[in-house]
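Chemist: Got a predicted structure here, sequence first:
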Amino acid sequence: MIPPRRFELPDDWERVPGLIDRIQDLVTAGRYRTALDVLLAHLRRDAASVDALALAAVTMSGSRTERVESPEPPMPIQENSALFAPITTVCSVCTGSWFSTHTLHRTEQWSIVNPIGLQCQVCRHTICKNCRPWTANEGLSRPCPEPGCKGTVTAPVLPTGRDDVEPVDPMTIENVVVIRAGPITPTVDEAMTVVTKFVPILRSDTSMVSIRPSAPHIMDRTFSRNLYAVSVLEGLERERVLERGSWSRATPLFIEAGAADDADYLLVVVRWPGVPKKVVHVHVMREGSEHMSADYIHMLLEVMAPRAFTDHATITGTPGGDWPEDPRFMILLLVNRNHPEYLSDDFVVRTQFGQGPDGLRYVLAAVSPA
Ligand SMILES: [Zn+2]
Ligand SMILES: [Zn+2]
């Protein structure tokens, strides 16, 4: 599902079994970081989940001091996640954002003494505490400053959502290409901080993110950015990271300095061509001489290929020994030796490599019917 533009609490919805209890236990224990990761992982699969968005709103809307001083305070990269964008409230004046405590209230009775912000009840024009030009003593309500709006700026303050998030179903993303202006290529952490703010994926989704160097002056104009993006995508197609024709499935996002980092970024969100293919066989090769357990391979698949249909796939693994210079070539050789039929026109073999949670390098080949 595509994340909703802004969260509206429906009258009724389907509950996710066990989710409320799990989050309640974690929040009671002050484990906000884990609670938010559970909710983010849930939203990664269903970005419009009412339960997950409502629980995130509850988790984030209590006392900020309490959260910060808890055993596991939330991380900024979690709070800024595009997956939580539907429950954020953004000030119309300064674009500062926060999570409003009013999100889940349905009551008509408002007795708010000193709200963190005010909002027009018609057009949702929102004014944060810092931007309010009058004091609480002068009363809460004012006519809405939006031209032509006859509403009143007062409480409650509901989510406005963020309009800078790419509206895409996380399950349909093939890859996100990251290019930062300037001579220094960003680290994975720097790249994920920017990507997760604008694209609804997780900070652990590093395997579907391709960080590429920039070139002089390419960021200056839309035309030069797009031209450069096309050449980068072509390179990724040659490396077999992307399916062919990727530019036709790509959305370039230009992120100006200050929005998430102190440099300009070009993000290119590439969607899968059609529905993700069913995978019939996955072969994994890991650096070193140790064999992998089935659990390890399944965990790796969950992290590295969460969007692939691997439910009924045959899953095999071999130790890779000394790591080859070209692991993609190596695994194709291996697949060819054991299953020559896979390299016929009836099948498509995709390869992917990265680093596992144990720090060892691995490469996997996923075989789908053509
Ligand atoms: Zn403001
Ligand atoms: Zn208004």
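Modeler: All right, it came through fine. Ligands and ions are numbered 1, 2, ... in the order given.

Chemist: now the longest helix along the chain: mean pLDDT?
Modeler: Looking across the chain with DSSP state H, the single longest helix is helix 222-238. The pLDDT scores in helix 222-238 average 92.

Chemist: Then stretch 341-358?
Modeler: For stretch 341-358, the mean pLDDT works out to 78.

Chemist: Repeat that for stretch 206-214.
Modeler: So the average pLDDT for stretch 206-214 ends up being 95.

Chemist: any idea how far it is from the chain center?
Modeler: Remark: stretch 206-214 is offset 14 Å from the chain centroid, using Cα atoms, centre = their mean, to the nearest Å.

Chemist: Export only the CA atoms of it, formatted as CSV.
Modeler: The C-alpha coordinates for stretch 206-214 follow below in CSV (Å, rounded to 0.1, in the frame of the first residue of the first chain):
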residue,chain,number,x,y,z
THR,A,206,20.7,-1.0,2.5
SER,A,207,20.7,-3.8,-0.1
MET,A,208,18.2,-2.0,-2.2
VAL,A,209,20.1,1.3,-2.1
SER,A,210,22.8,2.0,-4.6
ILE,A,211,25.2,4.9,-3.6
ARG,A,212,27.0,6.3,-6.6
PRO,A,213,29.5,9.2,-7.0
SER,A,214,28.5,12.5,-8.3
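
Chemist: Now do the buried residues in that stretch.
Modeler: Thr206, Ser207, Met208, Val209, Ser210, Ile211, Arg212, Ser214 (16 or more other Cβ atoms under 10 Å). Where C-beta positions appear, they are placed from N, C-alpha and C, glycine not excepted.

Chemist: returning to what we had before: quick check: what element follows the longest helix of the chain along the chain?
Modeler: Downstream of helix 222-238, the first helix or strand assigned by DSSP states H and E is strand 250-255.

Chemist: So which of the buried residues of stretch 206-214 belong to strands?
Modeler: Counting by DSSP state E, the buried residues of stretch 206-214 place Val209, Ser210, Ile211, Arg212 in strands.

Chemist: Can you tell me how far the last one is from ligand 2?
Modeler: Going from Arg212 to ligand 2 by Cβ to the ion, to the nearest Å gives 43 Å.

Chemist: ditto for the third one
Modeler: Taken as Cβ to the ion, the spacing of Ile211 relative to ligand 2 amounts to 42 Å.

Chemist: who in the stretch 51-200 of the chain is up against ligand 1?
Modeler: Cys91, Val93, Cys94, Gly96, Cys128, Cys131 (Cβ under 5 Å from the ion).

Chemist: hang on, the last one packs against Val90?
Modeler: No. At 11.4 Å, Cys131 does not count as touching Val90 under the criterion of Cβ atoms under 8 Å.
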